[in-house]
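*Asks:* got a structure for you, letters missing:
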């Protein structure tokens, strides 16, 4: 079985995780943070860029802002989807109001926008609020 590379969503350390440990509580070798959280994690642009570029597990990003009504409605649904997809994909959130340059860098035209990255490449994107089941289906599809 091959090792998987995962970026710690707290300290940005690259970790090699044996495939048989992917189902258990793999933790960052530097800071001890769980590498496969069962909830969506807020990240900054540097961690997002490193994880999107290096991770072997799909990374699904919710680009949102606190003033956005549909974003607020989708927040709890995105959190539920993160629990359903634990170990299959990692779901993260990036506040486009706090990190304004990031919206332009990732060509975000409207929010909420969900973007899936796999092995350094953008795989797909979807704008507009979705329910947890729709998010899970979209990620798996």
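*Replies:* Alright, I've got the coordinates. Model, not experiment: these values are computed from the prediction. Numbering: from 1, shown residues only.
*Asks:* going forward, measure contacts and count neighbours with C-alpha atoms only.
*Replies:* OK.
*Asks:* Now do the helices in this structure.
*Replies:* Counting by DSSP state H, the chain has these helices, from start to end: 45-54, 69-84, 100-105, 132-140.
*Asks:* Flag the shaky bits of this structure, pLDDT-wise.
*Replies:* Scanning the chain for pLDDT under 70 picks out 1.
*Asks:* how about 80 then?
*Replies:* Regions of the chain meeting the criterion pLDDT under 80 cover residues 1, 21-24.
*Asks:* At which residues are the strands of it located?
*Replies:* In chain order, the chain shows strands spanning 3-7, 14-18, 41-42, 59-64, 90-95, 113-118, 121-127, with DSSP state E as the criterion.
*Asks:* counting contacts, what elements does the fourth one pack onto?
*Replies:* Judged by 3 or more C-alpha pairs under 8 Å, 6 or more residues apart in numbering; DSSP states H and E, the packing partners of strand 59-64 are strand 90-95, strand 113-118.
*Asks:* That one: partners in the sheet, and parallel or antiparallel?
*Replies:* Based on DSSP bridges, the pairing partners of strand 59-64 within the sheet are strand 90-95 (parallel), strand 113-118 (antiparallel).
*Asks:* among these, which is the most enclosed?
*Replies:* Relative to the other members of these, strand 90-95 carries the highest mean neighbour count by mean count of other C-alpha atoms under 10 Å, namely a mean of 23.
*Asks:* Now do that one against strand 3-7, angle only.
*Replies:* Here the directions of strand 90-95 and strand 3-7 differ by 20 degrees (axes from the mean of the first three to the mean of the last three C-alpha atoms, to 10 degrees).
*Asks:* 279 is where my numbering starts, stick with that
*Replies:* Noted, 279 is the first residue going forward, which turns the last one into strand 368-373.
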